[in-house]
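Enquirer: For reference, the sequence and a predicted model appear below.
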Amino acid sequence: MQKNNATDVPQKPATGRHVAVLGGGSFGTAMAKVLGENGHVVHFWMRDPAQASEVTNKRSNARYMPGISLSGDIRATTDLPACLEEAEVVFVAIPSKAFRSVIRENARYFQAGQIVVSLTKGIERDGFKLMSEILQEEIPRCKIGVLSGPNLALEIANRDLTATVIAAKDPEVRRTVQELLGCEYFRVYANVDVYGVELAGALKNIYAIVAGLGAALDLGENAEAMLITRGLAEMSRFAVSMGANPMTFLGLAGVGDLVVTCTSSKSRNYRIGYAVGKGAKLEDAVAELGQVAEGIYTLLLVKEKADEIGIYMPLVKGLHEILYGSSSIKAVISSLMMSVQNSDVEFILPRTVV
């Protein structure tokens with residue numbers, strides 16, 4: 001029996017709230033599906049009229065969610081102002097490169113007190129801004145939150161058991177999102193460390209590429225565990241230097257998201273790393289994927305910021321040399337394995353003490 005088949009899913013009556021989802025990619029589609037099945041009226045914005053027509057007439061979004069049926073009151077549209085007009089809560093799943101421009105162009109249509117939640121795991125180059133910071137700058141009259149965690153879109157769409165994190169300073173935002181999204185297969189936990197939750201979601205994409213490379217080279221499961229845990233140490237070290245709470249990285253948004261993206265072929269960033277590890281050029285791997293893999297852009301920004309503030313990030317440096325430099329994968333791995341054997345968890349034993 002197909003989990004995603006509308007006839008197999010008990011539908012809640014459409015007596016819920018009016019919500020908006022901005023962005024018709026895989027994760028935006030998954031969230032629209034959850035919200036629709038939970039009985040809410042979903043105003044689903046996307047740029048492409050043909051894509052909107054497909055959602056309306058065929059109840060599918062084949063490019064991003066092949067084989068998935070969309071049920072519930074999901075109203076696809078290319079009219080973003082109209083989409084925002086009735087929505088009490090807005091979920092934004094727009095790629096980081098276009099995030100600010102779309103929000104800025106439509107800022108006047110957002111309403112005072114409206115809850116706006118970013119679903120995008122990325123960083124803006126200018127000023128090293130996260131998506132929640134962009135929202136605060138462009139629509140300060142709104143209540144801002146961030147949703148992040150080990151959330152492969154296809155598994156959510158298939159109604160596989162999943163948990164996520166809503167991070168917000170305002171308890172109303174946390175409570176509202178939990179009520180909107182929570183259901184028998186989708187669990188929503190709360191956190192107040194907005195910056196840490198969001199930065200973890202962006203950083204883990206880098207290490208998913210590293211893990212894909214390792215899998216392509218058949219380095220073994222010991223190496224896989226090493227890469228994941230050293231990646232966790234590296235990303236938490238960087239995030240704490242930027243003001244995040246280190247405890248956030250022990251939860252779903254940190255180690256949870258890192259594990260799933262570093263071990264699943266459903267992860268876009270993992271697939272990029274795997275293709276490069278098998279000999280593909282980066283641009284060819286991206287073209288073959290056909291979707292945005294945020295990690296390849298995040299890598300550039302994190303490498304630049306780490307160099308600027310003096311944070312030790314050998315995996316970031318090594319991956320940068322592979323993707324954007326002239327170093328071979330084997331040479332980088334050899335260099336990493338010959339580096340100084342330092343402390344395991346520096347929040348317990350500082351790196352300067354061995």
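Expert: Nice, thanks for sending it over. Numbering: from 1, shown residues only.
Enquirer: you'd agree residue 268 is up against residue 289?
Expert: Yes - here residue 268 lies in contact with residue 289, judged by Cβ atoms under 8 Å, at a distance of 5.9 Å. Just so you know, the C-beta spots here come from the backbone N, C-alpha and C atoms, and that holds for glycine as well.
Enquirer: Tell me which of the two has more neighbours.
Expert: Neighbours were tallied for residue 268 and for residue 289 using other Cβ atoms under 10 Å; the higher tally belongs to residue 268 (23 against 14).
Enquirer: Now that one: closest residue in space that isn't a chain neighbour?
Expert: Residue nearest to residue 268 in three dimensions, not counting chain neighbours: residue 293, with 4.5 Å by Cβ to Cβ, 6 or more residues apart in numbering.
Enquirer: dump the residue contacts of residue 44.
Expert: Residues near residue 44 by Cβ atoms under 8 Å, 6 or more residues apart in numbering: 20, 21, 24, 28, 32, 52, 55, 74, 75, 76, 77, 83.
Enquirer: now the third one, nearest residue through space, not along the chain?
Expert: By that I understand residue 24. Closest residue in space to residue 24, ignoring its immediate chain neighbours: residue 46 at 3.0 Å, by Cβ to Cβ, 6+ apart.
Enquirer: go on, the fourth one?
Expert: Counting by Cβ to Cβ, 6+ apart, residue 28 lies nearest to residue 93, which is 3.4 Å off, once chain neighbours are set aside.
Enquirer: before we move on, what about residue 190?
Expert: residue 174 (4.4 Å).
Enquirer: gap between the one you found and residue 325?
Expert: Spatial separation of residue 174 from residue 325 under the definition Cβ to Cβ, to the nearest Å is 42 Å.
Enquirer: what's the helix or strand for residue 75?
Expert: If you go by DSSP states H and E, residue 75 is part of strand 74-77.
Enquirer: buried residues in the helix or strand that that strand is followed by?
Expert: Next in sequence after strand 74-77, counting helices and strands by DSSP H and E, comes helix 80-85. Using 16 or more other Cβ atoms under 10 Å as the test for burial, helix 80-85 gives 80, 83, 84.
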